[in-house]
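**Student:** here's my sequence, what's the structure:
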Amino acid sequence: MTAKELRDMPNDELAEQIAKFRKDLLGLRFANATGELENTSGISRARRDLARALTVENERTLGVSRRRGA
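**Tutor:** Numbers count the residues shown, from 1 in each chain. All right, here's what the predicted structure looks like:
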């Protein structure tokens, strides 16, 4: 999911998305630890998605406006 898509979400939907990313990451870590995960690149992708969503949430908390090309 791109940062633009996350920035366009309302606050409650963003919070739900963050919870989903955290749950997905936990599942991937568990699968990796038990040897069930074959494609480990999903962990990196999940971590980046979570970090991107948390960054957007933090921007909203701080009142930072990120406009590109302006």
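
**Student:** ramachandran angles for residue 38?
**Tutor:** Backbone torsions for residue 38, taken as degrees, to the nearest 10, come to phi -100, psi -40.

**Student:** where does pLDDT dip in the protein?
**Tutor:** Within the chain, the set of residues satisfying pLDDT under 70 comprises 67-70.

**Student:** just give me the residue closest to the centre of it.
**Tutor:** residue 50 (2.2 Å; CA atoms, centre = their mean).

**Student:** which element is it on?
**Tutor:** Using DSSP states H and E, residue 50 sits within helix 41-62.

**Student:** for that helix, name the packing helices and strands.
**Tutor:** The contact analysis (3 or more CB pairs under 8 Å, 6 or more residues apart in numbering; DSSP states H and E) places helix 41-62 against helix 3-7, helix 11-33. C-beta here means a position set from N, CA and C on the backbone, and glycine is covered the same way.

**Student:** okay, buried residues for that helix please.
**Tutor:** Residues 42, 43, 46, 49, 50, 52, 53, 56, 57 are the ones in helix 41-62 that count as buried (16 or more other CB atoms under 10 Å).

**Student:** of all the helices and strands packed on helix 41-62, which one is nearest residue 66?
**Tutor:** helix 3-7 (7.4 Å; CB to CB).

**Student:** let's see the closest one as CSV, backbone CA atoms only.
**Tutor:** Provided in CSV are the C-alpha atoms of helix 3-7 (Å, rounded to 0.1, in the frame of the first residue of the first chain):
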residue,chain,number,x,y,z
ALA,A,3,1.8,6.4,1.4
LYS,A,4,-0.7,8.3,-0.7
GLU,A,5,-3.4,5.7,-0.2
LEU,A,6,-2.7,5.7,3.5
ARG,A,7,-2.8,9.5,3.7
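
**Student:** in that helix, what's buried?
**Tutor:** The neighbour-count check on helix 3-7 (16+ other CB under 10 Å) flags residue 6 as buried.

**Student:** packing partners of it?
**Tutor:** Checking 3+ CB pairs under 8 Å, 6+ apart, helix 3-7 ends up next to helix 41-62.
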